[in-house]
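Visitor: Just need the structure, nothing else, for what follows:
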Amino acid sequence: MTEAPHHAFSEQQLPPWRRAVLKVGSSLLAADGGGLSPRHAQHLARFVSAAIAGGRELVLVSSGAVAAGRAIVHRDAAAGAPISERQALAALGQAQLMGFWQSFFERPVAQVLLTHDDLRNRRRYLNAKATLGALLRQRALPIVNENDTVSVDELKLGDNDTLAAIVAALVDAEVLFIATDIDGLYDADPRTRRDARPVEVVSRLGADMLSMAGGAGSAVGTGGMVTKLEAAQRAAAAGIATVLFNGTREDVIEGLARDRLRGTRVHAARSRVAARKHWLGNAPAERGGILIDDGAADALVEKGASLLPGGILAVRGDFRRGDMVEVLRRDGDREARVARGVVQYSADDMRRILRRHSREIDAILGYNYGENVIHRDDMALI
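Guide: Have a look, this model is predicted:
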């Protein structure tokens, strides 16, 4: 192997952000001989604390449960061992991982375990979104990880990079921070090519960029630069910028706290609003719809309001919470589309609460998912 390249990343401005997701992999957390090491985590934790103190919000996607589990039983899952052995290590290590991160913060940390099934199912997706939103409002630090103890397909190369991109879209983040163990993206492998040059800005992630990335750089972590770029590609499509930086360098992490980056910035393909509105405007809707009165229609169109149950005249079809539904109003002897959006309540629930005040929802249903039938952020006007 040749020497490390002389070409260094220059400093650039971070994109503006109020809410972000920070992904930290096992290679930055694992201690020599097993377990978890604070060596790099303490600097990353200081960045998180500084961001929150400055009025920002952060969600942490952290690997490391399996590495923590190894230290407890003092062994790794042998090659060819059943997947249940690796799942057992994850189960053993989860509590250790949460305690490890809690030791760096005065504010509470909250464990959120997800699988891809949770994020593919629209209703469970909405529940996860609501939970993470509530935790952020309570000034807690959500720590998201895959539920490795019950998932099989998710225990594969680079999955937490993908998970981080999905979570970034889930919480409407502006930036996805991915901490890695090299300085960023290079046009060749910097570990073997002395002439490798840094790629500081990526405007569009295509096949040529993905081909620059190598394999996994650590025997501990499961993802390499390819999976990080694939995650950045997913985030970009959702209107989220991605930042790749060296999580082993204290000076680089301190720079992030000042909104300065030495690493690779991947631009969003379009604004978050445009990406969200595009999806809302084009996702297939369920049959039926919600017929609303003129007052509610005017509030949606003129004021950008959310749809409340009091404005609903009738409910058509049989849809479920999380489905895309058309919103209609009477126009003479016909019905015209006003908007479309993701409903917080099923058709059956809406029939019980239509024309009622939002404060009555709990008494009528015995539960509530909020005062809005469709929130304005989950709605596109026609």
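Visitor: what number of residues lie near residue 371?
Guide: Number of residues near residue 371 (other C-beta atoms under 10 Å) recorded here: 14. Placement of C-beta: from N, CA and C, glycine included.
Visitor: Could you measure from it over to residue 306?
Guide: 8 Å (C-beta to C-beta, to the nearest Å).
Visitor: Equivalent analysis for residue 169, please.
Guide: 21 Å.
Visitor: With residue 199 instead?
Guide: Distance from residue 199 to residue 306, by C-beta to C-beta: 42 Å.
Visitor: what about the helices in this structure?
Guide: 38-53, 65-73, 83-102, 116-120, 122-137, 159-170, 207-212, 225-237, 250-257, 272-282, 294-303, 347-353, 361-365 (DSSP state H).
Visitor: any idea which of the ones you listed is most buried?
Guide: helix 159-170 (a mean of 26; mean count of other C-beta atoms under 10 Å).
Visitor: Show me what it packs onto, helices and strands only.
Guide: Helices and strands touching helix 159-170, by 3 or more C-beta pairs under 8 Å, 6 or more residues apart in numbering; DSSP states H and E, are strand 19-24, strand 57-62, helix 116-120, helix 122-137, strand 141-146, strand 175-180, helix 225-237.
Visitor: Give me the residues contacting that helix.
Guide: 20-21, 23, 25, 59, 61, 63, 114, 116, 119, 125, 128-129, 132, 144-146, 154, 173, 175-176, 178, 222-223, 227-228, 230-232, 234-235, 238, 240, 242 (C-beta atoms under 8 Å, 6 or more residues apart in numbering).
Visitor: Ok, stretch 103-110 next?
Guide: Here stretch 103-110 has contacts from 38, 41-42, 45-46, 48-49, 52, 60, 98, 101-102, 135, 139-143, using C-beta under 8 Å, 6+ apart.
Visitor: Span of it from start to end?
Guide: With C-alpha to C-alpha, to the nearest Å applied, stretch 103-110 spans 13 Å between its terminal residues.
Visitor: so for that stretch, what's the average pLDDT?
Guide: Per-residue pLDDT over stretch 103-110 has a mean of 97.
Visitor: what about residue 344, neighbour count?
Guide: Count around residue 344 with other C-beta under 10 Å applied: 23.
Visitor: Was I right to think residue 273 contacts residue 239?
Guide: Yes. Assessed by C-beta atoms under 8 Å, residue 273 is found in contact with residue 239 at 7.1 Å.
Visitor: Looking at residue 199 and residue 306 now, which is surrounded by more residues?
Guide: More crowded of residue 199 and residue 306, by other C-beta under 10 Å: residue 306, with 22 against 18.
Visitor: so what pLDDT did that one get?
Guide: pLDDT for residue 306: 97.
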